[in-house]
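1. One predicted model, sequence on top.
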Amino acid sequence: MRKTAKFLATAASLAVLVGSASLVPQTASAAAHGDMVKQGKEVAFDRKKGNCLACHMMDDGTSPGDIGPPLVAMKARFPDKAKLRAQIWDPQVNNPETRMPPFGKHKIISEKEIDAIVEYLYTL
Amino acid sequence: MKKSIFAVAALCMVSATAATAGEKAGDSTPAQDLEKYRSFFMKRFPGVPLQEFANGVNAVSPANRENWEAIEEFPPYEPMIEEGKALWEKPFANGKTYSACFAEGPGQRKNYPYWDANRKMVVTMEMAVNECRTANGEKPLKYKKGAITRLTAYMAYMSRGQKTDVKVPMNDSGAVAAYNDGKSFYFARRGQLNFSCAQCHLESAGQRVRTNVLSPSLGHTTGWPVYRSKWGDLGTLHRRFGGCNKQVRAKPFKAQGKEYRNLEYFLTHMSNGIEYNGPSARQ
């Protein structure tokens, strides 16, 4: 009887463990991703960093410029994340006459900040 | 933090020359350029008469214009014109005045900038003022703000209505080279943000960077010195050139150095036919 109880208890705790085992990392990565999106938005909006609003209408940013196209439906329009990142790193590759600054190539913002912006753009 | 940004900026100063829209200095003559740029702007802003471009951003942005018209009702630069008049009339230590150098009086705007064939250089009005001073035993004035803006405000005011008429003598290779040098500067990408003058004031003229509407280059040189609310004072054209270079995190050049004088030569030529209307007020 006791044995069975113990067994049950173990099974239960195991189940909890297994359940939480798959749950804990997922929550952590979701949180990390959320942080990255948040940071990406901050960097994109910051006048001293990305200052993307200078030229692009995006999200809830106030008084955007109109030099570049609105940044909407980014995931659908850039299914290849690497292409989106490349556009931010050095837009002159796509268009030698572009008016968009080369954020990566000229180290205007860091590689990590570009990654964060890409994650943020994918939510738009 | 700021320092590190500028260190990087210095490294990637000029990354391409005359790249914009395939423009290359020397591919066309100054006369062809005048026609080309003027018609570009006239087409982009249909209904804006040529002379109206003398008013900068206010020619192409109704919202800016409304604000500006209110400011011009009580021009903040008016007392400065008076200060300039007093400076103009005040004798140097040797008893002479500026009239000793400027035979036609203070209304001289139309004569500058010009190519001095003997000295093989572009001479601007600010420079002529300082050369008059040093020739008469006075110290030269600083070139971006202060007394020089008072004097040139008075001179500009007395020159209102004169037409821009910059000549580039085609038989003088030095003059043509100085013009082309200014043109290359205008189309060269610069600074960490990698912009040319043309990308903001030609390609994007009338568009918005955040809330700033970008003024067209046509007419850029007619209204100086300019009283900027942001400066709370008058400043010279070369002060503005420096500001626009800094904006893209490039190192500004020296006011009245060769780079900016040649740029002024090119840019003023582009406005040939437009009347001078300085001093003026801007945001």
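-> Received it, and whenever you're ready, just let me know what you need. Every value quoted in this text rests on a predicted model; they were computed, and no experiment measured them.
2. tell me the mean pLDDT over whichever strand or helix holds B:Tyr154?
-> Per DSSP states H and E: B:Tyr154 is located in helix B:147-158. For helix B:147-158, mean pLDDT is 98.
3. Go through it and flag the buried ones.
-> Across helix B:147-158, burial judged by 16 or more other CB atoms under 10 Å in any protein chain shown covers B:Ile148, B:Thr149, B:Arg150, B:Leu151, B:Thr152, B:Ala153, B:Tyr154, B:Met155, B:Ala156, B:Tyr157, B:Met158. Bear in mind the C-beta positions are built from the backbone N, C-alpha and C, glycine included.
4. Out of those residues, the closest to chain A would be?
-> B:Thr149 (29.2 Å; CB to the nearest CB).
5. residues in contact with that closest one?
-> B:Met80, B:Pro225, B:Asp233, B:Leu234, B:Gly235, B:Thr236, B:Pro279 (CB atoms under 8 Å, 6 or more residues apart in numbering or on different chains).
6. mind running it again at 6 Å?
-> B:Pro225, B:Leu234 (CB atoms under 6 Å, 6 or more residues apart in numbering or on different chains).
7. now do B:Tyr227
-> B:Pro76, B:Tyr77, B:Leu234, B:Ala281.
8. buried subset of these?
-> B:Pro76, B:Tyr77, B:Leu234, B:Ala281.
9. hmm, back to that, just checking, next helix/strand downstream of the helix holding B:Tyr154?
-> Heading C-terminal from helix B:147-158 (DSSP H and E), you reach helix B:173-187.
10. Counting by contacts, list what whichever helix or strand comes after that next one packs against.
-> Where DSSP H and E defines the elements, the next helix or strand beyond helix B:173-187 is strand B:189-190. Helices and strands touching strand B:189-190, by 3 or more CB pairs under 6 Å, 6 or more residues apart in numbering or on different chains; DSSP states H and E, are strand B:14-16.
11. what mean pLDDT does the strand it packs on have?
-> 37.
12. export the helix or strand just after that strand as CSV, just CAs?
-> Reading on from strand B:14-16 to the C-terminus, the next helix or strand found by DSSP H and E is helix B:30-44. Extracted in CSV, the C-alpha atoms of helix B:30-44 (Å, rounded to 0.1, in the frame of the first residue of the first chain):
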residue,chain,number,x,y,z
PRO,B,30,28.0,74.8,-65.1
ALA,B,31,25.4,76.2,-67.6
GLN,B,32,24.0,72.7,-68.2
ASP,B,33,23.9,72.1,-64.4
LEU,B,34,22.0,75.3,-63.8
GLU,B,35,19.4,74.2,-66.3
LYS,B,36,19.2,70.7,-65.0
TYR,B,37,18.9,71.4,-61.3
ARG,B,38,16.6,74.3,-61.7
SER,B,39,14.2,72.3,-63.8
PHE,B,40,14.5,69.3,-61.4
PHE,B,41,13.2,71.5,-58.5
MET,B,42,10.6,73.3,-60.6
LYS,B,43,9.2,70.0,-61.7
ARG,B,44,9.2,68.6,-58.2
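13. Mind listing residues that contact helix B:30-44?
-> B:Val168, B:Tyr179, B:Pro216, B:Leu218, B:His269, B:Met270, B:Asn272.
14. what number of residues lie near the closest residue to chain A within the stretch 51-200 of chain B?
-> Ranking the residues of the stretch 51-200 of chain B by distance to chain A (CB to the nearest CB) places B:Leu193 first, at 4.5 Å. Using other CB atoms under 10 Å in any protein chain shown, B:Leu193 has 20 neighbouring residues.
15. and what of B:Cys200?
-> 21.
16. Apart from its chain neighbours, what residue comes closest to the residue most central in space within chain A?
-> Nearest to the geometric centre of chain A sits A:Glu119, at 1.7 Å (CA atoms, centre = their mean). Of all residues not flanking A:Glu119 in the chain, A:Met36 sits nearest, at 4.7 Å (CB to CB, 6 or more residues apart in numbering or on different chains).
17. hang on, that neighbour packs against A:Asp115?
-> No. The criterion here is CB atoms under 6 Å, and A:Met36 misses it with A:Asp115 at 7.3 Å.
18. And B:Asn58, how far from B:Lys163?
-> To B:Lys163, B:Asn58 is 20 Å away according to CB to CB, to the nearest Å.
19. the more surrounded of these two?
-> When B:Asn58 and B:Lys163 are compared for neighbours, B:Asn58 comes out ahead with 25 against 14, by other CB under 10 Å.
20. and the more buried one, backbone torsions?
-> phi -70, psi -20 (degrees, to the nearest 10).
21. just to revisit the earlier point, pLDDT score assigned to the residue nearest to A:Glu119?
-> pLDDT at A:Met36 comes out at 95.
22. can you check B:Gly26 too?
-> 79.
23. Kindly tell me how buried it is, as a neighbour count.
-> The burial count assigned to B:Gly26 is 12, neighbours taken as other CB under 10 Å.
24. OK, contacts around it?
-> B:Asn180.
25. With chain A as the reference, measure out to it.
-> From B:Gly26 across to chain A, the span is 20 Å (CB to the nearest CB, to the nearest Å).
26. would you say the residue of the stretch 51-200 of chain B closest to chain A is within a helix?
-> No. Counting by DSSP: H, G, I helix; E, B strand; the rest coil, B:Leu193 is not part of a helix but coil.
27. list the contacts for it?
-> B:Leu193 touches A:Pro101, B:Val248, B:Arg249, counting by CB under 6 Å, 6+ apart.
28. Compute the distance between it and B:Lys251, please.
-> Following CB to CB, the distance that separates B:Leu193 from B:Lys251 is 13 Å.
29. B:Tyr276 is in contact with B:Thr222, isn't it?
-> Yes. Assessed by CB under 6 Å, B:Tyr276 is found in contact with B:Thr222 at 5.2 Å.
30. the more surrounded of the two?
-> Ranked by neighbour count (other CB under 10 Å), B:Tyr276 and B:Thr222 place B:Thr222 first, with 25 against 22.
31. For the more buried one, give me its contacts.
-> B:Ala54, B:Ser271, B:Ile274, B:Tyr276, B:Asn277.
32. Could you find the closest non-adjacent residue to the second one?
-> Here the nearest residue to B:Ser271 in space, its sequence neighbours aside, is B:Thr164; by CB to CB, 6+ apart that works out to 4.7 Å.
33. how many neighbours does the closest residue to B:Gly105 other than its chain neighbours have?
-> With sequence-adjacent residues excluded and distances taken as CB to CB, 6+ apart, B:Gly105 is closest to B:Ser99, at 6.6 Å. Taking other CB under 10 Å as the neighbour definition, B:Ser99 ends up with a count of 13.
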